[in-house]
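Engineer: kindly return the folded structure for what I paste below:
(2 chains)
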Amino acid sequence: MADDHDFHSGESGASETYPAQCSSLRKNGHVLLKGRPCKIVEMSTSKTGKHGHAKVHMVGIDLFTQKKYEDICPSTHNMNVPIVNRKDFQLLDIVDGYLSLLEDDSSVRDDIKNPSNELGKEIADRFANEEQLLVTVLSAMGHECAISVKNCPK
Amino acid sequence: MSDCRSIEKVGQILCDRGRPLTDRFRALFTLRNLGGKHAIDSIVRCLDDPSALLKHELAYCMGQMQDPYAIPYLVNVLKDTNQEPMVRHEAGEALGAIGSPAAVDILKEYASDPVVEVAETCELALKRIEWLHSNDKSNLTDNPFTSVDPAPPSTENNIETLRTILLDENLPLFERYRAMFSLRNNGCKESVLALSEGLKCGSALFRHEIAYVLGQMQHEAAAEQLIISLRKPEENAMVRHECAEALGSIAKDECMKILKDYSKDEERVVRESCEVALDMYEYEKSNQFQYADALSKVAEDQIK
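Structural biologist: Have a look, this model is predicted:
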């Protein structure tokens, strides 16, 4: 697993996350939990006491490791939200467990691992089957990984 | 879960003088969150309690519920000069929060009450009801909290201008309150510091409201000024009480220390506020999800 990612030393540092009020976050959105970029899978808001502020309980799944994280935060406080991008690449080859992916400018990327999970197995099998494939790569906080695969549109 | 019997049980916790005040407060906020006639009946039953702090919170909660069913009970409290000024004040404010024109005559009568906090509160409540039934509600900032406030936010948005309005003691209290709620809604540190300045202003009612909104904001930049006010023995007890609870809500380590010190204060209302504030601190610092947790407590007791 990609457990050795270090999310505290992103190269650019500047615009990998942005702050958002906790109460503005939604299920299926993204948030940083314990320093990890997560997709929110559960969210509940407490009732309020005297000062009328609530706590928000969030459960998130790490975008890169699928590990579960949770946190409780006052609803009016800010949380960091990772900037998440998705991009489709045509798959050209698989070399030593790395994907060869065609960039828009026709250059080739070969720095993204074929994941060592069910998806990686599916990519390898379908590629061996000579299917024309598009691999979706997700990026956040200076890290990238393949998250899905589909056939190239004819 | 929130059937009549559960409400009844939560009401029993609220009225049980043998229970810690902290449990009774949590029960009260559970009833406020549940709402309805039965919850209000349970709250009303407690209005003869010896704790002014608890009674003022009963009136506060009835206002926050905004149920006209509570109006006659609140009117009785406002009229009852045997009730402490802070309890009567809260009843007046609650009538403003419910916002019914049915309360206008009684509020007009008590806007000249000899107790200045009561008179000022009734004046504010009248202004709020008037505003509520006017057509001038556009372009106001949203309240990020679930509180019903004694005044709407200002139409002004510039922090420096709001600060000037807030601290100008020649302006009507209602205008200054509007500036207060705009600064609170804004939430930035500059707003917190402007509001903290308000703790040095003239009206005790105004200072107590400042302390309340600082408790809502939970910004540690307010702690220093709140501690100064809590420490002043000559400060109005209603203000010191609100400062204590705000410190419990901000929940920094230095807040806990001072709350422990003042839980032995000479003034009962300050002592009790520190006790309640330490419970709020505990809630904020812990992984407890619900502060108003009396329903689940009642359910647990039934299983046992």
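
Engineer: on the three-state scheme, B:Arg271 is what?
Structural biologist: Under DSSP: H, G, I helix; E, B strand; the rest coil, B:Arg271 falls in the helix class.

Engineer: now do the same contact list for it.
Structural biologist: Residues near B:Arg271 by CB atoms under 8 Å, 6 or more residues apart in numbering or on different chains: B:262-265. Backbone N, C-alpha and C define where each C-beta goes, glycine included.

Engineer: out of the residues you listed, give me the one that has the most neighbours.
Structural biologist: Using other CB atoms under 10 Å in any protein chain shown as the neighbour criterion, B:Tyr262 leads these with 23 neighbours.

Engineer: so where's the chain shaky on pLDDT?
Structural biologist: Answering for chain A, as no chain was given. Where chain A drops to pLDDT under 70, the residues are A:1-14.

Engineer: I was thinking of chain B, sorry if that wasn't clear
Structural biologist: Using pLDDT under 70, chain B drops low at B:1-2, B:304.

Engineer: how is it partitioned into domains?
Structural biologist: Split into domains by automatic domain parsing, chain B comes to B:1-137, B:140-289.

Engineer: interface residues of chain A facing chain B?
Structural biologist: Contact residues (CB under 8 Å from any CB of the partner chain) of chain A with chain B: A:21, A:23, A:44, A:46-55, A:57, A:72, A:74-77.

Engineer: now do 6 Å
Structural biologist: A:46-49, A:51-53, A:55, A:57, A:76 (CB under 6 Å from any CB of the partner chain).

Engineer: in contact with the spatially most central residue of chain A, which residues?
Structural biologist: Nearest residue to the geometric centre of chain A (CA atoms, centre = their mean): A:Leu63, 3.4 Å. The contact partners of A:Leu63, by CB atoms under 6 Å, 6 or more residues apart in numbering or on different chains, come to A:37, A:140.

Engineer: what distance do you get for it to chain B?
Structural biologist: Separation of A:Leu63 from chain B (CB to the nearest CB, to the nearest Å) stands at 24 Å.

Engineer: can you tell me the SS state at whichever residue of the stretch 151-300 of chain B sits closest to chain A?
Structural biologist: Nearest to chain A, among the residues of the stretch 151-300 of chain B, is B:Tyr291, at 3.8 Å (CB to the nearest CB). Of the three states, B:Tyr291 takes coil under three-state DSSP.

Engineer: what's near enough to touch the residue lying closest to it once chain neighbours are set aside?
Structural biologist: Of all residues not flanking B:Tyr291 in the chain, A:Gly49 sits nearest, at 3.8 Å (CB to CB, 6 or more residues apart in numbering or on different chains). Residues counted as contacts of A:Gly49 (CB under 6 Å, 6+ apart) are B:29, B:291-292.

Engineer: can we see that at 10 Å?
Structural biologist: Going by CB atoms under 10 Å, 6 or more residues apart in numbering or on different chains, A:Gly49 touches A:55, B:25-26, B:28-30, B:32-33, B:146, B:245, B:249, B:276, B:279-280, B:283-284, B:290-293.

Engineer: spatially nearest residue to B:Ala91 (excluding sequence neighbours)?
Structural biologist: Ranked by CB to CB, 6+ apart and with sequence neighbours excluded, the top spatial neighbour of B:Ala91 is B:Val77, at 3.8 Å.

Engineer: before we move on, what about B:Glu224?
Structural biologist: Using CB to CB, 6+ apart and skipping residues adjacent in sequence, the residue nearest B:Glu224 is B:Ser196, 7.6 Å away.

Engineer: hmm, back to that, which one of the residues of chain A next to chain B is nearest B:Ala97?
Structural biologist: Closest to B:Ala97 out of the residues of chain A next to chain B is A:Gly52 (12.1 Å), distances taken as CB to CB.
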